[in-house]
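In: Provide a 3D model corresponding to the input given below.
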Amino acid sequence: MAALVAGCGGGGDEGERGAPAPKGTPARSSELDAAAKATKAIRSYRATVKMRSDVAGAAQRFDGVVISAVDARSGRIFGRFAEAGARETQLEAITQGATQWVRSGQLTRQLPDGKRWLRVEGDASTPSTLTPVEFVTFLRDSGSARELGEEDVRGEPTTHVTGELDSKAIARTSGVAAQQRLQRVVGAGDFRATVDLWIGEDDRPRRMQLTMRPPKPTTGMLRSTLEVLGYDVDLRNAAPPPARETVTPAELGAPGG
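Out: Numbering: from 1, shown residues only. Predicted coordinates for the structure are as follows:
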């Protein structure tokens, strides 16, 4: 699923030979500690989602809304997905634990009569981006966090903080599971990542952005941006669909069942 997933250009070479010195000033550890504490106290959130990717020349985009528990183990995402050479389609997914139910206009036409959702179990249904808690702790523990100044997000004052990390460092700071999720998204075992946070006056993130680039010779990048619409929201809309409307890949005779 194009998950918690700003416009994306071609693959750049930031951080490599001849790159400029990092912008901004070193972030204050107290500010990031406060953000980590505030984020861990959040139960759920609602946010807009924008994803743009052109990894290996395969253009994809997703624009939608996510309603999710802060640990991403329960939630619903819906919006419009498109990839090069294909018609834009509505995409919706519900997550409960290790199970995900997915439907889209294109997928539904391939399902048996009366079936509206494909149910997927295991690794394929785990979150494919960092959770809000991981965003903050990842940035705090990166050792590269820098403040870029004050900016307004949806009319609220925030502090913009950015940091760099590679896939091995993600495993050390956010865990192997987070590393593996992101490896599946970017389609490479090794990659560079930039995390950007816009932290509000209440120490909670107002915008979260993840930019990933695979190693050369693979070109392109993937950027996922979330803008928070509200915290501690009702998750009743993330309830699983009726079993009579679901089907598994195994029941369709497809791999992954």
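In: just checking, next helix/strand downstream of the helix or strand of the chain with the lowest mean pLDDT?
Out: Ranking every helix and strand in the chain by mean pLDDT, DSSP states H and E puts helix 176-186 at the bottom, with a mean of 72. Using DSSP states H and E, the helix or strand that follows helix 176-186 in sequence is strand 192-200.
In: contacts for that next one?
Out: Identification of contacts with strand 192-200 by C-beta atoms under 8 Å, 6 or more residues apart in numbering yields 14-15, 31, 35, 130, 135-136, 138-139, 142, 151, 153, 156-167, 170, 182, 205-213, 215. (C-beta placed from N, C-alpha, C; glycine too.)
In: what do you get for stretch 105-122?
Out: For stretch 105-122, contacts defined as C-beta under 8 Å, 6+ apart pick out 86-87, 89-90, 94, 98-103, 241, 244-249, 252, 256.
In: buried ones in it?
Out: Neighbour-count burial for stretch 105-122 flags 107, 111, 115, 116, 117, 118, 119, 120 (criterion: 16 or more other C-beta atoms under 10 Å).
In: Same list, the residues you listed, but as JSON lines with secondary structure please.
Out: What follows is the buried residues of stretch 105-122, written out as JSON lines (DSSP: H, G, I helix; E, B strand; the rest coil):
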{"residue": "107", "secondary structure": "helix"}
{"residue": "111", "secondary structure": "coil"}
{"residue": "115", "secondary structure": "coil"}
{"residue": "116", "secondary structure": "coil"}
{"residue": "117", "secondary structure": "strand"}
{"residue": "118", "secondary structure": "strand"}
{"residue": "119", "secondary structure": "strand"}
{"residue": "120", "secondary structure": "strand"}
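In: Closest to residue 70 out of those residues?
Out: residue 120 (22.2 Å; C-beta to C-beta).
In: From residue 242, how far out is the closest one?
Out: Look at residue 120 and residue 242: by C-beta to C-beta, to the nearest Å, they are 17 Å apart.
In: what does residue 159 give?
Out: According to C-beta to C-beta, residue 159 stands 45 Å off from residue 242.
In: Looking at those two, which has the bigger crowd around it?
Out: In terms of neighbours (other C-beta atoms under 10 Å), residue 159 is the more surrounded of residue 159 and residue 242; the figures are 20 against 9.
In: Per-residue pLDDT of that one, please?
Out: On pLDDT, residue 159 comes in at 96.
In: Residue 40 and residue 133 touch, don't they?
Out: Yes: between residue 40 and residue 133 there is a contact under C-beta atoms under 8 Å: 5.7 Å.
In: Burial check on residue 251, number of neighbours?
Out: Count around residue 251 with other C-beta under 10 Å applied: 14.
In: now the one helix or strand it maps to: how far from the chain's centre is it?
Out: Assigned by DSSP H and E, residue 251 belongs to helix 249-252. Helix 249-252 has its C-alpha centroid displaced from the chain centroid by 27 Å (C-alpha atoms, centre = their mean, to the nearest Å).
In: how about stretch 150-157: buried residues?
Out: Going by neighbour count (16+ other C-beta under 10 Å), the buried part of stretch 150-157 is residue 153.
In: er, stretch 138-151 actually
Out: Buried, per 16+ other C-beta under 10 Å, within stretch 138-151: 138, 139, 140, 141, 142, 144, 145, 146, 147, 148.
In: List the residues that contact residue 138.
Out: 130, 163, 165, 170, 173, 174, 178, 195.
In: pLDDT wise, what is the most far-flung residue of the chain relative to its centre at?
Out: In the chain, the greatest distance from the average C-alpha position (C-alpha atoms, centre = their mean) is reached by residue 113, at 32.6 Å. The score at residue 113 is 92. That number is its pLDDT.
In: So it: helix, strand or coil?
Out: coil.
In: Got phi/psi on it?
Out: Phi and psi for residue 113, reported as degrees, to the nearest 10, are phi -60, psi 140.
In: what does residue 208 give?
Out: Torsion angles, degrees, to the nearest 10, at residue 208: phi -130, psi 130.
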